[in-house]
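S.K.: Below is the sequence, then the predicted model.
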Amino acid sequence: MTGPDAQATPRVRLRPAVPEDLDPLTATARELSRYGLPVRPDPRTEPGQAALWERKARRYATFEHLPPQADASIATTVELASAGIGPAPIESSGFSLVSLSAPFTALFVTWTVPDLSYSPTPFGINHFHTFVGLGFLDVHVEMTVDPQQNVTSHLWAQGVGPIPLPVRPGDVVSGSLCLDTKPPGTAHYFLANETTAQTMNFTVDTGFPPAVTIDAGVTRDDLDLPVHPLARFGAVYFDEISAYTTSGSRSLTAGDAITMVESNGSTLARPVRLTDDAFKVVFVAA
């Protein structure tokens, strides 16, 4: 296990955008790798992942595949603190699952981008984001809302930075996160805006250790400020959740449910389990 003082500096490998005439169902492993797409799992040894791979390949075949873009200057060194730490209730609400006996290798989630409403603060703006995490891999939609109810939103991924795949309130976003358990910890991000039918994908040599946690939910930011109210978001839905370890599939909603609480103990947001592969986070109070 990597020690708490270790560090990793991810390196993004940009690949060409997926051509319109590429059929992932007939493409070779080499062709898929050229465009940064995950190789098809072996249906004999990984039947669940193989079936999921095929469903997603068919779904996204007609989407517009945008060329990946990343700014190497913002690739920051990641402090590899204890990998078993999940989201903190003071700032987050959602679900988190730990697997120490078999590391996670893949996480697939679809979620909604909420429409925020401003909660008064002397600092004039609320910061909020939705997140999906596989070990140290992290994808989230960063959002702000001001007193005039102007909302901003953009995608961000650990090891990549801001992602120029447009998202806005009301959109449905899908994320596929895969992490190799062997050095250099190669990660594959495949992101899709289901509403606009656009995708973007990245391959990153992360240097990260094997993932022992997965999580998803919402977070309020600005905890370094003396006042940090939660933006009103209604409900955020997370569904079509599939997670895999080296020994098989796991259910995220079988993990710990995290309720966001204020320092005085009052509840701000609460997760609600819907099925084995779906949940929602509901706003309670600012």
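M.R.: In hand now; what should we look at?
S.K.: what's the neighbour count on Q148?
M.R.: Using other Cβ atoms under 10 Å, Q148 is surrounded by 7 other residues. To be clear about C-beta, it is placed using only N, CA and C from the backbone, and glycine gets the same treatment.
S.K.: Could you measure from it over to S119?
M.R.: Per Cβ to Cβ, to the nearest Å, Q148 is found 14 Å from S119.
S.K.: what do you get for L155?
M.R.: Distance check for L155 against S119: by Cβ to Cβ, it reads 23 Å.
S.K.: What segments of the stretch 1-150 of the chain are helices?
M.R.: Along the stretch 1-150 of the chain, the segments classed as helices by DSSP state H, counting those that start in this stretch run 29-34, 47-60.
S.K.: Not counting the first one itself, show me its contacts.
M.R.: With contact meaning Cβ atoms under 8 Å, 6 or more residues apart in numbering, helix 29-34 is reached by 15-16, 22, 24, 38-40.
S.K.: can you do 10 Å?
M.R.: For helix 29-34, contacts defined as Cβ atoms under 10 Å, 6 or more residues apart in numbering pick out 15-16, 18-19, 22-24, 27-28, 37-40, 57, 188, 203.
S.K.: From those residues, pick the one nearest V282.
M.R.: Distances from V282 to those, taken as Cβ to Cβ, are shortest for H188 (31.7 Å).
S.K.: burial count for that closest one?
M.R.: There are 20 residues near H188, going by other Cβ under 10 Å.
S.K.: my guess is it contacts A157, does it?
M.R.: No - in terms of Cβ atoms under 10 Å, H188 does not count as a neighbour of A157; the distance is 11.1 Å.
S.K.: Identify the contacts common to the two.
M.R.: Taking Cβ under 10 Å, 6+ apart as the contact rule, the neighbours common to H188 and A157 are 137, 177, 202, 204.
S.K.: Quick check: which ranges of this structure have low pLDDT?
M.R.: Low-confidence segments of the chain (pLDDT under 70): 1-8, 72-85, 226.
S.K.: give me that answer again for 50
M.R.: Counting by pLDDT under 50, the chain shows low-confidence ranges at 1-5, 82-84.
S.K.: show me where the stretch 101-250 of the chain has strands.
M.R.: Under the criterion DSSP state E, counting those that start in this stretch, the stretch 101-250 of the chain carries strands at the ranges 104-112, 126-134, 137-145, 151-157, 161-163, 172-179, 186-193, 198-205, 213-220, 235-245, 248-250.
S.K.: Format those strands as JSON lines; extra columns: distance to S96.
M.R.: Rendered in JSON lines, the data for the strands of the stretch 101-250 of the chain read as follows (distance: least, Cβ to Cβ, whole Å):
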{"stretch": "strand 104-112", "distance to S96": "12"}
{"stretch": "strand 126-134", "distance to S96": "8"}
{"stretch": "strand 137-145", "distance to S96": "13"}
{"stretch": "strand 151-157", "distance to S96": "19"}
{"stretch": "strand 161-163", "distance to S96": "23"}
{"stretch": "strand 172-179", "distance to S96": "15"}
{"stretch": "strand 186-193", "distance to S96": "19"}
{"stretch": "strand 198-205", "distance to S96": "23"}
{"stretch": "strand 213-220", "distance to S96": "4"}
{"stretch": "strand 235-245", "distance to S96": "11"}
{"stretch": "strand 248-250", "distance to S96": "12"}
